[in-house]
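In: mind folding the following:
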Amino acid sequence: MKKLVLLILTVLIFNVASNARQIVSFELEDITGNTTFKLQYYNKSPAVVLIFTSNNCPFAKLYEDRLISLQKSYVDKSVIFAFINPHHGQSEEESTNAIKSKIAQKGISFAYLLDSNQLVTKSLKASKLPEAYVLTPSPTGFSIAYHGAIDNNAQLPNQVTKQYLKTAIDQVMADQHPIPNSLRAVGCNIVPLN
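Out: As a prediction, the model looks like this:
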């Protein structure tokens, strides 16, 4: 019986590890610091958390304060957070000035990346706003350890009972593979470029 349990556990761990998808490093403009965000610069961080967002999506707005608070709780642990806006330039509300105004209003102190041509969005196969990705570094690049939902209640933060993103980050920090490693994100659809 003990050998059977060990075999099942080994198969489970192998399946989780083999499901981790390697991603190509990327560079995007970071308007928070007026710099270029290069993923490869963070290969010594335990995790890089990317959250696809926009100014005009009601679901993204509901999550802003939660995500800013979550980021602050990991500052001392070297976890890198970045918002990515795949709608930059598609409307006045998604203009550089409107995004900078949001950054100042909310006090966002971490990277806010512009994916105007949606190359990173397509590469990661992101489809919702907000949608979270937890990337982990390795000698061969970065892998997606978790992607999807942030928690189980978009509209009522005080009624959240499962913090999927936080749990995934904590599991990565404990050198574990997040389980589950993917959950369907709820929110606005990312509008593809014409």
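In: what is the helix or strand hosting K61 packed up against?
Out: Using DSSP states H and E, K61 sits in helix 58-73. If you count contacts as 3 or more C-beta pairs under 8 Å, 6 or more residues apart in numbering; DSSP states H and E, helix 58-73 packs onto strand 48-52, strand 80-85, helix 96-106, strand 128-129, strand 188-189. Glycine gets a C-beta too; all of them are placed from N, C-alpha and C.
In: can you tell me which of these is nearest to Y41?
Out: Y41 lies closest, by C-beta to C-beta, to one member of those: strand 80-85, at 9.0 Å.
In: how much space separates the spatially closest residue to L28 that is not a sequence neighbour from V186?
Out: For L28, ignoring the flanking residues on the chain, the nearest one in space by C-beta to C-beta, 6 or more residues apart in numbering is L113 at 4.0 Å. For L113, the distance to V186 equals 22 Å [C-beta to C-beta, to the nearest Å].
In: what of G141?
Out: For G141, the distance to V186 - C-beta to C-beta - is 29 Å.
In: swap in H177?
Out: Noted for H177: a distance of 24 Å to V186, by C-beta to C-beta.
In: again with V134
Out: 18 Å.
In: ok, H147 next?
Out: Shown here: H147 relative to V186, a distance of 13 Å by C-beta to C-beta.
In: likewise I108?
Out: From I108 to V186 the distance is 22 Å (C-beta to C-beta).
In: so which of the two has more stuff around it?
Out: The neighbour count for I108 versus V186, taken as other C-beta atoms under 10 Å, is higher for I108 (20 against 17).
In: thanks again, I'm all set now.
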